[in-house]
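Student: Sequence plus predicted model, see below.
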Amino acid sequence: MLIIKDVSFSYGKEPIFSGLNLKVEQGEFVYLIGKSGVGKSTLFNLIYMNIFPHKGVVRFENFSSATIKPKEIPFLRRKVGTIFQNPALLEDRDIYSNLEFVLRVTDHKKKEVKKKVLEALSEVGISHKQKSMPNELSGGELQRVAIARALLNEPKLLLADEPTGNLDPEITDEIMELLKRINRRGAAIIFATHDYELVKKHPVERILKIDKKKIFRVRLKKG
Ligand SMILES: Nc1ncnc2c1ncn2[C@@H]1O[C@H](COP(=O)(O)OP(=O)(O)OP(=O)(O)O)[C@@H](O)[C@H]1O
Ligand SMILES: [Mg+2]
């Protein structure tokens with residue numbers, strides 16, 4: 001589903017990635033760990049095609065960084081959901097409208113949009129807050145809304161960039177359980193974090209570490 005082949009990238013002179021390789025299969029849940037500044041968010045930006053490799057190729061399904069046209073990028077992004085540390089909702093409208101906005105209502109689709117929005121809110125257990133404004137929700141609730149927003153287009157891949165970074169341990173566990181459920185339904189998830197405790201507490205099949213401008217598979221020591 002996702003193949004990153006021999007990718008090199010730098011913002012300035014100093015390379016961030018050099019000869020980086022990665023494959024993620026449909027339905028996988030992988031952690032992406034590594035020190036602050038090592039390039040976790042940069043990798044997500046490459047997958048989302050916000051930025052392009054200087055060497056090598058990023059391929060997601062039928063989209064390739066080498067050949068994609070600017071007008072095709074929105075189609076790629078519909079298949080890739082993103083969740084960040086800060087949920088960043090639009091503060092001037094309620095939760096329902098925040099999600100509706102993503103699907104850009106045209107009149108004839110209004111019913112269909114409503115169904116999708118309500119389904120996504122229900123999926124993350126936040127239907128009862130649809131008429132609330134973002135500033136009336138807790139951090140954990142806001143992150144649930146952000147996850148619902150990411151699910152609207154039924155993405156095949158979710159890029160989660162430290163989505164629990166601002167949450168307390170209990171709420172973090174709830175969000176992890178929610179993401180695991182979404183994953184079991186078929187969406188692959190790449191979860192970036194530098195919280196080793198979280199990785200130990202919620203084990204998944206594969207842990208990837210960015211180090212020395214490449215990605216390695218690692219195993220955490222027990223205890
Ligand atoms: N738009 C940009 N322009 C120039 N340099 C950038 C830009 N974005 C990131 N960088 C640099 O690229 C490097 C990798 O940044 P990145 O945000 O990918 O790290 P990270 O692993 O996500 O870190 P963190 O764990 O703190 O989120 C850093 O040295 C950062 O300063
Ligand atoms: Mg980051």
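Tutor: Ah, there it is. Bear in mind that the values here come from a model prediction, so they are computed numbers and not experimental data. Ligands and ions are numbered 1, 2, ... in the order given.
Student: mind listing what E112 touches?
Tutor: Listed by Cβ atoms under 8 Å, 6 or more residues apart in numbering, the contact set of E112 is empty. To be clear about C-beta, it is placed using only N, CA and C from the backbone, and glycine gets the same treatment.
Student: what about the longest helix seen in the chain, distance to the chain center?
Tutor: Assignment by DSSP state H gives helix 169-184 as the longest helix of the chain. For helix 169-184, the gap between its own C-alpha mean and the chain's C-alpha mean amounts to 14 Å (Cα atoms, centre = their mean, to the nearest Å).
Student: Partner strands of the following helix or strand past it, with direction?
Tutor: With elements assigned by DSSP states H and E, the helix or strand that comes after helix 169-184 is strand 188-192. Paired neighbours of strand 188-192 in the sheet (DSSP bridges): strand 29-33 (parallel), strand 157-161 (parallel).
Student: Return the distance of the residue nearest the centre of the chain relative to ligand 2.
Tutor: Geometric centre of the chain, nearest residue: L159, 1.9 Å, by Cα atoms, centre = their mean. L159 sits 11 Å away from ligand 2, going by Cβ to the ion, to the nearest Å.
Student: May I have the beta-bridge partners of that residue?
Tutor: Applying DSSP bridges to L159 yields these beta-bridge partners: T82, I190.
Student: which residues does it contact?
Tutor: Per Cβ under 8 Å, 6+ apart, neighbours of L159: F44, I47, Y48, V80, G81, T82, I83, I190, A192.
Student: What is the nearest of the residues you listed to ligand 1?
Tutor: Taking Cβ to the nearest ligand atom as the measure, ligand 1 lies nearest A192 of the contacts of L159, at 6.6 Å.
Student: Now do that closest one: how many residues are near it, please.
Tutor: Neighbour count of A192, defined by other Cβ atoms under 10 Å: 24.
Student: I'd say it and G165 touch.
Tutor: No: the pair A192 / G165 is not scored as a contact, 9.6 Å apart, by Cβ atoms under 8 Å.
Student: related to what we said a few turns ago, can you list the helices and strands that the longest helix of the chain packs against?
Tutor: In terms of contacts (3 or more Cβ pairs under 8 Å, 6 or more residues apart in numbering; DSSP states H and E), helix 169-184 is packed against strand 29-33, helix 139-151, strand 157-161, strand 188-192, helix 196-201.
Student: export these to JSON lines and tack on mean pLDDT?
Tutor: Shown next, in JSON lines, are those (pLDDT from 0 to 100):
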{"stretch": "strand 29-33", "mean pLDDT": "97"}
{"stretch": "helix 139-151", "mean pLDDT": "95"}
{"stretch": "strand 157-161", "mean pLDDT": "97"}
{"stretch": "strand 188-192", "mean pLDDT": "98"}
{"stretch": "helix 196-201", "mean pLDDT": "92"}
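Student: Distance to L118 for these - can I get that in TSV?
Tutor: As requested, these are arranged in TSV below (distance: least, Cβ to Cβ, whole Å):
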stretch	distance to L118
strand 29-33	26
helix 139-151	10
strand 157-161	20
strand 188-192	23
helix 196-201	31
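Student: how about the strands paired with strand 188-192, which one is nearest L90?
Tutor: Nearest to L90, of all the strands paired with strand 188-192, is strand 157-161, at 19.6 Å by Cβ to Cβ.
Student: mind exporting the closest one as PDB, just the C-alpha atoms?
Tutor: The C-alpha trace of strand 157-161 is given here as PDB (Å, rounded to 0.1, in the frame of the first residue of the first chain):
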ATOM      1  CA  LEU A 157      -4.100   5.100   6.000                       C
ATOM      2  CA  LEU A 158      -4.100   7.200   9.100                       C
ATOM      3  CA  LEU A 159      -1.100   9.300  10.000                       C
ATOM      4  CA  ALA A 160      -1.100  10.000  13.700                       C
ATOM      5  CA  ASP A 161       1.500  12.600  14.700                       C
END
